[in-house]
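>>> Sequence and predicted structure are below.
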Amino acid sequence: MAEAILSEHIAETLGGLGSLEVIVGIPSFNNVSTIGQVVKAAQEGLANYFKDRKALIVNSDGGSEDGTVEAVERAGTDTQALISVKYPLDPVHHLTTPYHGSPGRASAFRRLFQIAQAGQARALAVVDADLRDVTPEWFHSLLEPILSSEFDYVAPYYTRHKYDGTMTNSIIYPLLRALYGRRVRQPIGGEFGVSGRLASHFLKEEVWNTELARYGIDIWMTTTAIADNYKVCQSYVGAKIHEAEQGLDLSAVLVQVVGSVFNLMESHDLAWRNVLGSLPVPLLGSPFAVEPEPVSINRQRTWSSFQQAVRDLRTVYEQVFSSQQLKRLESCAAAPADAATIPDELWVSLIYELTLAYHRRVMDREHLLKSLAPLYLGWVASFARQTEGESAAQAERRIERLCLVFEQLKPYLINQWPLGSREKR
């Protein structure tokens, strides 16, 4: 409940403001170098596009020690109300930072949703504090669809390099699309808009103190909005450039991201079992004339990792894949990097077998997901070889073809998924 989370000071501040129409939330944790410009962009966006609406900017901070909160205060003006709140950050958050965004990200979101509910806000936009390219137009893109068209969830649509977001391209987007039948291109974008009623719905869910919230809150929000039949759209925001995340462990990232998707499959199996095909999700706004940051791929190294794993992890893969699938994997791995190829049909069948093995607990779940890492690298190398010299639009068409294969092979997943196996949330 809001009373248990919001401090007396914050409650009094909100009471003094009265009912709000718009809130911008900026979660932060040690983002002193970038948060000032994010706050200023938010202020300008609200002044330019929502000057007649009562607005509030909220910095939800996880205990920064680098001057982040002070930077927010320096960036503040009298143009819009601006407050800083704290969210709890336990030692586990420090030790196991999610792959994307601030540690304690779910706690930050929960605090923002509580403030939106207490302030009776119609719309809330959330943006990361580490953005280096955020513009005032972003806030129009994330808020206006809620205010003018009554959408409940606004997912961002970025201009991205063809090799940026390969995990989303190869697994997350096509799998979620095939499961729930809606084409949300960036289901884990980091920025989003949410209506007041959906924020209140999120707060009722018993997810906030779980591992799913800690590592998969973005996927959870997108999936919940779709599965619970809220009105979802996408909106152009331009290119996303943020502070580089150093030292990410690919295996750990897969455990967090793919594990979250697989867990949600269990809790929402009644929502996806009878879905075949997919429908487009409204895409609002116009593409910005921006150039995404280039991304390079070391095809030789990624393919070599795949080849090594097919040899070294064969006993693991034998527990998950059929003998025919293993033979096809070995045939792929026999090719040199300059001929790297993993056919779409094989890739999709491997992902579906992994979902079933995860659900049936054929082995330790973390161990299973970590075994996906070298296979994913093989897909990356294959995609890089196939799209070398192609434009971003041509590469996107390849992703579209992959998505269609996910949809075409979904009946196999449905038939193999045990009836009556829905796990208690």
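Now that the structure is in, tell me what you want to look at. Residues are numbered from 1 along each chain as shown.
>>> And stretch 263-283, what's buried?
Across stretch 263-283, burial judged by 16 or more other C-beta atoms under 10 Å covers 263-269, 271-272, 275, 278, 281. C-betas here are computed from N, CA, C, even on glycine.
>>> Report the separation between the two terminal residues of it.
In stretch 263-283, first residue to last residue: 28 Å (C-alpha to C-alpha, to the nearest Å).
>>> ok, and what's touching it?
Residues from elsewhere that reach stretch 263-283 (C-beta atoms under 8 Å, 6 or more residues apart in numbering): 151, 155, 157, 177-184, 212, 216, 219-220, 223, 226-227, 232-236, 355, 359, 403, 407, 410-411, 414, 417, 421-423, 425.
>>> can you rerun that using 6 Å?
Contact partners of stretch 263-283, identified using C-beta atoms under 6 Å, 6 or more residues apart in numbering, comprise 177, 179-184, 212, 223, 227, 232-234, 407, 414, 422-423, 425.
>>> Can you tell me which of the buried residues of stretch 263-283 is closest to F113?
In terms of C-beta to C-beta, no member of the buried residues of stretch 263-283 lies closer to F113 than L264, at 18.8 Å.
>>> which stretch of helix or strand covers the closest one?
Using DSSP states H and E, L264 falls within helix 250-267.
>>> ok, how many other residues are close to the spatially closest residue to A384 that is not a sequence neighbour?
Nearest-residue entry for A384: I297, 4.4 Å, with adjacent residues in sequence omitted and distances by C-beta to C-beta, 6 or more residues apart in numbering. For I297, the count of nearby residues is 18 (other C-beta atoms under 10 Å).
>>> ditto for N229
9.
>>> which SSE is it in?
With DSSP H and E as the test, N229 turns up in no helix or strand.
>>> do the same with F109
Here F109 sits within helix 105-118, counting by DSSP H and E.
>>> partners of the following helix or strand past that helix in the sheet?
Sequence order places strand 123-126 as the next helix or strand after helix 105-118, per DSSP H and E. Within its sheet, strand 123-126 is paired with strand 22-28 (parallel), strand 192-195 (antiparallel), according to DSSP bridges.
>>> Could you export the buried residues of stretch 263-283 as JSON lines, including pLDDT and distance to M167?
Below are the buried residues of stretch 263-283 laid out as JSON lines (pLDDT from 0 to 100; distance: C-beta to C-beta, whole Å):
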{"residue": "N263", "pLDDT": "96", "distance to M167": "17"}
{"residue": "L264", "pLDDT": "97", "distance to M167": "16"}
{"residue": "M265", "pLDDT": "97", "distance to M167": "17"}
{"residue": "E266", "pLDDT": "95", "distance to M167": "21"}
{"residue": "S267", "pLDDT": "93", "distance to M167": "22"}
{"residue": "H268", "pLDDT": "95", "distance to M167": "21"}
{"residue": "D269", "pLDDT": "93", "distance to M167": "23"}
{"residue": "A271", "pLDDT": "94", "distance to M167": "23"}
{"residue": "W272", "pLDDT": "97", "distance to M167": "20"}
{"residue": "V275", "pLDDT": "96", "distance to M167": "23"}
{"residue": "S278", "pLDDT": "98", "distance to M167": "20"}
{"residue": "V281", "pLDDT": "97", "distance to M167": "20"}
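>>> Figure out how far stretch 359-377 is from the centre of its chain.
Its chain's C-alpha centre and that of stretch 359-377 lie 20 Å apart, by C-alpha atoms, centre = their mean, to the nearest Å.
>>> contacting residues around K240?
K240 neighbours (C-beta under 6 Å, 6+ apart): Y158.
>>> and it, that's in a helix?
No - per DSSP: H, G, I helix; E, B strand; the rest coil, K240 lies outside any helix segment and is coil.
>>> Against L46, how distant is it?
20 Å (C-beta to C-beta, to the nearest Å).
>>> What residues of the helix or strand encompassing V38 count as buried?
Taking DSSP H and E as the definition, V38 sits inside helix 35-49. For helix 35-49, the neighbour count (16+ other C-beta under 10 Å) marks 35-39, 41-46, 49 as buried.
>>> The most centrally placed residue in the chain: what's it in contact with?
In the chain, the residue lying closest to the centroid (C-alpha atoms, centre = their mean) is I188, at 1.2 Å. Listed by C-beta under 6 Å, 6+ apart, the contact set of I188 reads 218-219.
>>> What are the boundaries of the strands in the chain?
Remark: strands assigned in the chain by DSSP state E are 22-28, 55-61, 81-86, 123-126, 153-158, 182-183, 192-195, 232-238, 279-280, 283-284.
>>> By mean pLDDT, show me the worst of those strands.
With a mean of 80, strand 81-86 has the lowest mean pLDDT of the strands of the chain.
>>> Contacts for that strand, please.
10, 13, 17, 56-61, 69, 72, 76, 111.
>>> Please apply the same query to stretch 329-345.
299-300, 303, 307, 310, 378-379, 381-382, 385, 402, 405.
>>> how long is it end to end?
OK, stretch 329-345 end separation, C-alpha to C-alpha: 12 Å.
>>> Quick check: buried residues in it?
Across stretch 329-345, burial judged by 16+ other C-beta under 10 Å covers 329, 332-333, 337, 340, 342, 344.
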